[in-house]
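Asker: my questions concern the predicted model and sequence given below.
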Amino acid sequence: MTVRTSDTKLFLNEVLVAEFRAASEGLRPDQRAQQAAAQLRRVASDAKPSVKARGENRQILMGTRVLWTWTQLDARAAETSLSDLAKQTVDRLERARTLAPVAKTLDTVVLPVGRAVSLGLIGSQVRVAALQAPPDSGIRFSLGEAGPQATASKVGQYPIQIRWGSTELSMTLTVLPYAAQIPATLAVDVAGAPASAQSVRVAVTRAIELGVVREPGAQLSYSLGSLSPVERGQVRTVPVTVRATAPNAFEQSATMSIRVRNLGSLFQPEQELWYCNDPENVTQFQSLFMANLRAERPARILYHHLNAMRQPMTILVGVANRSDKPAQIFQILGDGEPHLNPVLVGYQAADRFWTEYENQSGVVLTIPPQSWVPIVARPLASGATMSGLGYLRLLPGGPEQLDVKAFSAYTLSLSPQIRTASTTGQPWAYVPPLSPESIFRGFQPDPVHIYPNPFRTEEVKFEVGGRFTFIRIGERAIPSQVPDRFLSGNFGVHYTVRVDLKNPLLTPAQVEVVFVASAGYSGGLFLVNGQYIRTKLLQPQGEERICRIRLEPGESRSVTIQTIPLSGSSYPATLAVRPIDTMGGPGR
């Protein structure tokens, strides 16, 4: 008969027979366990356990020897009644006393790779029994608190032999992986003044989704909570608790530390506008646009397509690094939710883009050699439109150029990983780098829809008492790289309009600047002296004031307005500068 303690627990023949949770008669719980073990070692091996009432307490005996006494405090600590606690103890002692020298409680033990797990062996001789596993199994045996235990180094199913004297037992160890390997730390880079909370969120998401190594079918769950912007040059650590589950694997949960570094300003003005809108109505699975992103030639990309097929499709934009060097791009993306209203989705995309672009806030994306990453993937029902506006810059230190391709694809032909990621609006954060061999085979850039210098500057004057001033946005089309090709409507072109106002009168005057949907159903987004303004979606000839200025007698003032013609909207549109009469309407 073997007796031992482990802290406050008492074992007989490797069976847990009692756990002392409360102090009694001046003894701590662990001291009570040691005292009970000393009494138990003195009893004869054929002595039988019993319980005896002593006042409100219950004595536990083996034969005629009192081993210890259970009190009401013990029962409350065990969350049971005193009589039940005493009965359970006697049952355990009797079971442990009558055990064979070596016995098993399980035929199969399931354990994860790398963690010691009890084999469930009991009996007076289990600590000296011989345990044997196949030589190539990578299984190691040791003694733990609950007796013999095993630690496995690789997945598999292994037979185990247990021998003591003439006793031979067998059991099976089934070794399963953890659902994921969750690293303790990861690092990501963002940029901006500051890098917005949204940029931080998608960068951290990508670090988790691509940095956690998962078993097939594994699912991750985590919450990023509320994140705040990261100032230029600042480094911040974001703790994230990640839980992973998978079929035929052990759940894994750990808290990661994501180091977010703001590299400062990586923005350089765009050298080109890539206009991905031909065809706008996509009637087949095809290439839609191809261009090279070259070092030190940042590009603005506009894409806007409607699914004109009778079946679902997915439209993707991929960036491929077909060199032998890793590449890094700085990207700012505004991607609209697909919608049956093409004006709404174009408006939404530009809004998401500009709120990040204003602070030059984006993420740094690393693309390994000989791989591509989908930066856009939008599933489209028949008749739905997808739209986006983005900024891409290939950072120095890597290859001289990358290949960028937009294309439509049969949704079910895409990998499950891309199909799942396409519902997030940020597929690059979820899809690991892929081989470019099939997607980018026969890649040939088309210069027709590449427009250099996508900026326009307008300067106008308005004097109170004179004629109204009108600025036509999208009227003077910018030229393509190809001779005699122009961008009608200047969609995606960045306008900066300076309006010089003067009031020569002897009385104060109110002046307004109004956006007019003069070419049809449209919306407008504006920066007016640094203030961000969103208009409603306006019906043809509808208008909305974007700013109002009071001019004192003899006062002159300038207003700077920035805007971009929006995909889906009707351009040219008009900005009207005019006085406001005393009745609140426009002057005459």
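Answerer: Ah, there it is. Numbers count the residues shown, from 1 in each chain.
Asker: below-threshold pLDDT in this protein: ranges please.
Answerer: Scanning the chain for pLDDT under 70 picks out 582-588.
Asker: ok, which stretches of it are helices?
Answerer: 29-41, 72-77, 82-97, 197-211, 342-357, 416-421 (DSSP state H).
Asker: can you redo the ones you listed as TSV with distance to Glu475?
Answerer: In short, each C-beta sits where N, CA and C put it, glycine included. Converted to TSV, the helices of the chain look like this (distance: least, Cβ to Cβ, whole Å):
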stretch	distance to Glu475
helix 29-41	87
helix 72-77	84
helix 82-97	89
helix 197-211	34
helix 342-357	19
helix 416-421	40
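Asker: return the residues in contact with the residue sitting nearest the centre point of the chain.
Answerer: Central residue of the chain (Cα atoms, centre = their mean): Thr205, 2.6 Å from the mean position. Residues near Thr205 by Cβ atoms under 8 Å, 6 or more residues apart in numbering: Leu224, Gln426, Ala429, Tyr430.
Asker: tell me how far it lies from Phe267.
Answerer: With distances taken as Cβ to Cβ, to the nearest Å, Thr205 is found 22 Å from Phe267.
Asker: same check, this time on Asp84
Answerer: For Asp84, the distance to Phe267 (Cβ to Cβ) stands at 72 Å.
Asker: between the two, which one's more packed in?
Answerer: A direct count of neighbours by other Cβ atoms under 10 Å for Asp84 and Phe267 places Phe267 higher, at 19 against 11.
Asker: what about the residue lying closest to Gln370 once chain neighbours are set aside, neighbour count?
Answerer: For Gln370, ignoring the flanking residues on the chain, the nearest one in space by Cβ to Cβ, 6 or more residues apart in numbering is Arg322 at 6.3 Å. Applying other Cβ under 10 Å, we find 17 residues neighbouring Arg322.
Asker: right, and Arg322 touches Pro436 too?
Answerer: Yes: judged on Cβ atoms under 8 Å, Arg322 makes contact with Pro436 at a distance of 5.8 Å.
Asker: what is in contact with the two at once?
Answerer: Common contact partners of Arg322 and Pro436 (Cβ under 8 Å, 6+ apart): Gln370, Asp403.
Asker: what's the first-to-last distance across stretch 315-328?
Answerer: This stretch, stretch 315-328, spans 23 Å end to end (Cα to Cα, to the nearest Å).
Asker: buried ones in it?
Answerer: Under the neighbour-count criterion of 16 or more other Cβ atoms under 10 Å, stretch 315-328 has Ile315, Leu316, Val317, Gly318, Val319, Ala320, Asn321, Arg322, Ala327, Gln328 buried.
Asker: circling back: winner for burial among the helices of the chain?
Answerer: Among the helices of the chain, ranked by average contacts under mean count of other Cβ atoms under 10 Å, first place goes to helix 342-357 (a mean of 22).
Asker: any idea which residue of this protein is furthest from its center?
Answerer: The C-alpha centroid of the chain is most remote from Thr64, which lies 66.0 Å away (Cα atoms, centre = their mean).
Asker: ok, which stretches of the stretch 201-350 of the chain are strands?
Answerer: Per DSSP state E, counting those that start in this stretch, the stretch 201-350 of the chain carries strands over the ranges 213-214, 219-221, 235-245, 252-262, 272-276, 281-282, 287-294, 299-307, 313-321, 327-335.
Asker: which one, of those strands, ends up nearest to Ser361?
Answerer: Among these, strand 327-335 comes nearest to Ser361, with 6.8 Å by Cβ to Cβ.
Asker: quick one: that closest one to helix 197-211, angle?
Answerer: Orientation check (axes from the mean of the first three to the mean of the last three Cα atoms, to 10 degrees): strand 327-335 against helix 197-211 gives 120 degrees.
Asker: name every strand pairing with strand 327-335 and say which way it goes.
Answerer: strand 362-367 (antiparallel), strand 385-394 (antiparallel) (DSSP bridges).
Asker: please identify the most buried of those strands.
Answerer: Mean neighbour count (mean count of other Cβ under 10 Å) peaks for strand 385-394 among the strands paired with strand 327-335, with a mean of 26.
Asker: report the distance from that one to the chain centre.
Answerer: Between the centre of strand 385-394 and the centre of its chain there are 20 Å (Cα atoms, centre = their mean, to the nearest Å).
Asker: Glu512 contacts Arg550, doesn't it?
Answerer: No: taking contacts as Cβ under 8 Å, Glu512 lies outside contact range of Arg550: 10.5 Å.
Asker: which of the buried residues of stretch 315-328 sits closest to Glu463?
Answerer: Set against Glu463, the nearest of the buried residues of stretch 315-328 by Cβ to Cβ is Val317 (46.9 Å).
Asker: correct me, but that closest one touches Ile301?
Answerer: Yes: contact criterion Cβ under 8 Å: Val317 and Ile301 qualify, at 7.2 Å.
Asker: what sits in contact with each of these two?
Answerer: Common neighbours of Val317 and Ile301 (Cβ under 8 Å, 6+ apart) are Cys276, Gly388, Val404.
Asker: closest to Arg32 among these?
Answerer: Set against Arg32, the nearest of the shared contacts of Val317 and Ile301 by Cβ to Cβ is Gly388 (70.3 Å).
Asker: how near is the closest residue to the closest one other than its chain neighbours to Gln541?
Answerer: In space, and not counting its chain neighbours, Gly388 is closest to Asp335: 4.3 Å by Cβ to Cβ, 6+ apart. Distance, Asp335 to Gln541, using Cβ to Cβ: 30 Å.
Asker: more neighbours: which of those two?
Answerer: Neighbours per residue (other Cβ under 10 Å) separate Asp335 from Gln541, with Asp335 holding more: 25 against 11.
Asker: the more buried one is in contact with Gly425, isn't it?
Answerer: Yes: between Asp335 and Gly425 there is a contact under Cβ under 8 Å: 5.2 Å.
Asker: need the overlap of contacts for those two.
Answerer: Taking Cβ under 8 Å, 6+ apart as the contact rule, Asp335 and Gly425 both touch Arg378.
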